[in-house]
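Visitor: With the sequence up front, the predicted model follows.
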Amino acid sequence: MCLLSVSGFAQVSQSEQDALKDLHRFTQGEQWKVTWDLNEDITNWKGVTIENDRVVGLDLSSNALKGELPSSLGNLKFLKKLDLSENDLSGELPDQLAALKSLEVLAVGKNTFSGEIPESLYQIKALDIENNVFESLASNPS
């Protein structure tokens, strides 16, 4: 019986788990509206979508995240959707987001991000960067 329970848990890579834990730590996860119990299986964490033992979606919109994003988000190599809109996130978007080749949706609107937006992010199918305080926008190459 125990073997069946254990096999039901996601076997998400350590680097992906660490990236999510970094996000929790960097954005005051204990203060989120709906926080994660880091001792629980990752499949129980609100807003985390897992397919084939890979993190493919992260939706923490309107969840009271505060702080800067960790560069380790770049370790979520299979991420297709990242929605962090309507929070209190600041600083620059990590350059490592540009390395997420599977990313189709990036929603970071209604935060206080600043700095430049990496040109490579313009390749994302659905990009919401409105209502931030970006100092300048790189020219859209398309």
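Guide: Looks like it came in fine. Numbering: from 1, shown residues only.
Visitor: can we go C-alpha only for contacts and neighbour counts from here?
Guide: Fine.
Visitor: And the strands in this structure?
Guide: With DSSP state E, the ranges of strands along the chain come out as 48-51, 54-59, 66-68, 81-83, 88-92, 105-107, 112-114, 116-117, 126-128, 136-137.
Visitor: I'd like those strands laid out as TSV, including mean neighbour count, mean pLDDT and distance to residue 13.
Guide: What follows is those, written out as TSV (neighbours: other Cα atoms under 10 Å; pLDDT from 0 to 100; distance: least, Cα to Cα, whole Å):
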stretch	mean neighbour count	mean pLDDT	distance to residue 13
strand 48-51	16	97	11
strand 54-59	20	98	7
strand 66-68	19	98	23
strand 81-83	20	98	18
strand 88-92	19	96	26
strand 105-107	19	97	22
strand 112-114	21	95	29
strand 116-117	18	86	29
strand 126-128	16	93	27
strand 136-137	11	55	34
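Visitor: how about these in TSV, adding distance to residue 37?
Guide: What follows is the strands of the chain, written out as TSV (distance: least, Cα to Cα, whole Å):
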stretch	distance to residue 37
strand 48-51	13
strand 54-59	16
strand 66-68	18
strand 81-83	20
strand 88-92	21
strand 105-107	24
strand 112-114	27
strand 116-117	32
strand 126-128	29
strand 136-137	37
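Visitor: And the ones you listed: which comes nearest residue 32?
Guide: Taking Cα to Cα as the criterion, strand 66-68 is the member of the strands of the chain that comes nearest to residue 32, at 8.4 Å.
Visitor: Can you name every helix or strand that that closest one contacts?
Guide: Judged by 3 or more Cα pairs under 8 Å, 6 or more residues apart in numbering; DSSP states H and E, strand 66-68 is in contact with helix 14-26, strand 88-92.
Visitor: what's in contact with that strand?
Guide: Counting contacts by Cα atoms under 8 Å, 6 or more residues apart in numbering, the residues outside strand 66-68 that touch it are 26, 27, 28, 87, 88, 89, 90, 91, 92.
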